[in-house]
Structures are given as structure tokens and as C-alpha cells.
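Trainee: pasting the structure only:
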Ligand code: NAP
């Protein structure tokens, strides 16, 4: 844990004692979020689907930095598998305090050429995946009368984006899910918010052509890509006590793209 992340009086991070589940934490933004929450003292469950080795490396890095982490494999688009993952976590840790729905995929194409399979895959992972984890955890959050849910949306869900009808629909859907669940759980002390990243340097954007990356950066008023740390900082704020009176909000972390 970095010295600056500790309370100088208690020597503990602001998330000490909290249990956090981060989906899609084997790489990219999820990895950055997992490391940030762990640096603030949370015990982090590092969820992955295909990249088991990378997830193990993330957990090992956290532990070698003095934090606490464990890997949990599960395809978030699978309702039953999410139920089993969450049951196992509750059995072992007794609670979850922070849920970050970060797992996401793209299958970009123009609407005329988009296959049904690519539409379904993106919606099933990005939107139904968040429903699955929230659905299984909500009864625990309600019982605890506390909890923080942060859904990773996208500026594409706020503005729309040509070539990303499936992705934008999933990310706009996440905003609706966020606001509705925030209204349902607010009176029980559970906060539900969304972060909408802009153009962030990860595997997802590395996969774009040079031309598409240039066009992406050109759409950012601040003139540069964001980093995973930029997103992780905002998620950490929404996961901790400094944001206790904030719910149902969408925070764009995008260098001004959605202005
Ligand atoms: P990334 O580098 O491609 O990583 C995606 C992560 O999601 C991986 O850890 C992957 O795990 C996981 N994942 C994918 N399908 C999964 C499934 N079915 N079950 C569990 N985990 C799954 O992407 P990223 O750029 O970090 O994006 C993270 C989130 O931010 C996504 O929701 C994305 O839509 C959003 N976002 C990104 C940007 C950007 O510019 N990068 C902008 C806006 C929003 P495995 O490898 O283990 O399968």
C-alpha cells in the first residue's frame, strides 16, 4: 500500500476491512481498479473469465504490495455461474461491501453488418452481466443496509457511437440499470453509480486501427487518451465513504468528450 493512501492517524487505508468484487479485473481498467481498491485497504476479489494467468498475476501483485486479494473465475454473462461465485464469496468472507461491474467486450460493426451473435454477446456480457451480479448480491446488500455498486458504462452509452450500436445500447442500458437500482436501494443505505470512461489506453483500444485511435484522440477536448488510473481514482471515490450522499449518478471520466 502506498504511504499516501493510508490514514496518518490509524495507519489504515480508507477501505480497510471492506470486501470488494471487481468483475473483469484480469486486465485493463478492471486491473487498475482492483489495484487501487486494494491499495486503500480493501480485500479484492479479482474476477476473470478467459485470462486466469493474468488474474493470478494481478492478485499476486496486490499481495506483494501488502494488500489482500483472491481470484474468482466466472463468466459474468452466465446467471447461474454468477450465483455460485457470489455464494462462494459470501461463504468465505461473509459479506461484500463494494461491487464494481467492469467486465466488458466490444464487437464493433455497422448496424447493417452486425450479426445477431455479436449483438447478443455484447449485451449479455456488458448489461446482463451487471444485472446478474447485482441480482445475486442485492439481498446481501439489503440485509447489511450498506453497499456500494459502481457500474462501468462508457461515453458511447451517453452519446452513441457509429459502429457500436450493440456496445452503446449495452452501456446506455447500464445507465438505466444504475438509476433504477439506485432508486430501489437508496433507502437501505446502498449507493449505485456509474462511471462513463472516454478513450482509455487498454487492450480494448489497442485493438483499434491506428486511424481509429487517431480519430478517438481527436474527439477528446483534452487531446489525449485517459489512463486506467484516471478511472480507478473515480471508482475509489464512489466505493468509499467520501461519496456517501451520491447515488444514481453517471460520472464521465473522459477528458471532456461528453461536454
Ligand atoms: P479490456 O482491456 O478488453 O479488458 C476487459 C476485461 O473484461 C478483461 O479483464 C476480461 O477478462 C473481462 N471480461 C470480458 N468478458 C467477460 C466475461 N464474460 N466475464 C468476466 N469477465 C469478462 O477492456 P478495458 O478497456 O479494460 O474495459 C473495461 C471496461 O471499461 C469495459 O466495461 C469497457 O466497456 C469499459 N470502457 C472502456 C473504455 C476504453 O477506452 N478502454 C472506454 C469506455 C468504457 P478475461 O480476459 O479474463 O476474459
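Mentor: Perfect, thanks for sending it. Predicted model, so just to flag it, every value in this text is computed and none were measured.
Trainee: For stretch 161-179, give me every contacting residue.
Mentor: 101, 104, 106-111, 114, 118-119, 122-123, 125-127, 130-131, 134, 149, 151-158, 160, 192-194, 196, 248, 250 (Cβ atoms under 8 Å, 6 or more residues apart in numbering). For glycine as for every other residue, the C-beta is placed from the backbone atoms N, C-alpha and C.
Trainee: ok, of the residues you listed, which come out buried?
Mentor: By neighbour count, with 16 or more other Cβ atoms under 10 Å, the contacts of stretch 161-179 hold 101, 104, 106-108, 114, 118-119, 122-123, 125-127, 130-131, 134, 149, 151-158, 192-194, 196, 248, 250 as buried.
Trainee: Just those residues: which are in helices?
Mentor: Residues of those located in helices (DSSP state H): 118-119, 122-123, 130-131, 134, 155-158.
Trainee: In TSV: the residues you listed, plus pLDDT and distance to residue 172.
Mentor: Formatted as TSV, those follow (pLDDT from 0 to 100; distance: Cβ to Cβ, whole Å):
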residue	pLDDT	distance to residue 172
118	98	17
119	98	14
122	99	12
123	99	11
130	99	13
131	99	14
134	98	17
155	98	11
156	98	8
157	98	4
158	98	7
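Trainee: Identify the residues contacting residue 232.
Mentor: 29, 32-33, 35-37.
Trainee: same check, this time on residue 225
Mentor: Counted by Cβ under 8 Å, 6+ apart, residue 225 has contacts 199-201, 205, 216-217, 255.
Trainee: Next: residue 81.
Mentor: 74-75.
Trainee: what's the most distant pair in the contacts of residue 225?
Mentor: The span of the contacts of residue 225, defined through Cβ to Cβ, is set by 205 and 255 at 13.2 Å.
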